[in-house]
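J.: Could you work out the structure for the sequence below:
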Amino acid sequence: MGNFDLINHIQTAVAVIDEDMTIVDANDAFQQRYNEKNINLIGSKCFNVAYKFDESCCNKAACSCPAATSFRTKKASSAIHHFWIEDQAVVEELTTTPIIEKNGDVNYVIEEFRDLTKLLGLTKGIIGICSYCRKVHDEDGQWITFESYLEKHTGANFSHGICEDCNTSLFSEFQNKDLCSH
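T.: A predicted model of the protein is given here:
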């Protein structure tokens, strides 16, 4: 079997970045998706190319940079990013996979960008959501739960839990008490 340029046969936008968040390689799908000026994106910062940010995603108030997480933990990571480009809502899943060297170091991370906008039915740009109960006004004119809306558009099922912040704020009074009466 001959050599294949596999990365360019992948339809998902894929880039390889270093610890400085600099793009060191990218497939054709990435170049086409993020390159309106048709210039080579190698050497550019991933946050500048993908999101038009002037600084790293981790310098933002709500840090959700899976690449930084993959560099730190040496594990795959993902996040859902939502942002606006020219008055159009964009929802994107960013999945990162560290490239672990023989000595255990992570010098590069593979980033995969999946546009979820159409899948979630966001072609309108704005989804009506109740500011009180958080139900979503769907395309049929019905008010449905956010979970039902996502399940309808993605097929995803949900499992509920309590995040660390809510656990701390809701149950902090019990954390340092001896609850045993013996």
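J.: Just give me the neighbour total for residue 9.
T.: 10 (other C-beta atoms under 10 Å). C-beta here means a position set from N, CA and C on the backbone, and glycine is covered the same way.
J.: which other residues reach the lengthiest helix in the chain?
T.: Identified as the longest helix of the chain according to DSSP state H is helix 164-175. Contacting residues not belonging to helix 164-175 are listed as residue 162 [C-beta atoms under 8 Å, 6 or more residues apart in numbering].
J.: now stretch 105-118
T.: If you take C-beta under 8 Å, 6+ apart as the criterion, stretch 105-118 is touched by 12-19, 24, 30, 33, 46, 50, 66-67, 70-71, 74, 80, 88-101, 123, 154.
J.: Show me which of these are buried.
T.: Buried residues within the contacts of stretch 105-118, defined by neighbour count using 16 or more other C-beta atoms under 10 Å: 13-17, 30, 33, 46, 50, 66-67, 70-71, 89-98.
J.: Now the longest helix of the chain: average pLDDT?
T.: Mean pLDDT, helix 164-175: 76.
J.: Alpha carbons only: can I get that helix in CSV?
T.: Presented in CSV, the C-alpha positions along helix 164-175 are these (Å, rounded to 0.1, in the frame of the first residue of the first chain):
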residue,chain,number,x,y,z
GLU,A,164,-18.0,21.3,41.6
ASP,A,165,-19.2,25.0,41.9
CYS,A,166,-22.8,24.0,42.8
ASN,A,167,-21.6,21.3,45.1
THR,A,168,-19.5,23.8,47.0
SER,A,169,-22.2,26.5,47.2
LEU,A,170,-25.0,24.1,48.0
PHE,A,171,-23.3,21.8,50.4
SER,A,172,-20.3,23.8,51.8
GLU,A,173,-21.9,23.8,55.3
PHE,A,174,-21.6,20.0,55.5
GLN,A,175,-18.0,19.8,54.2
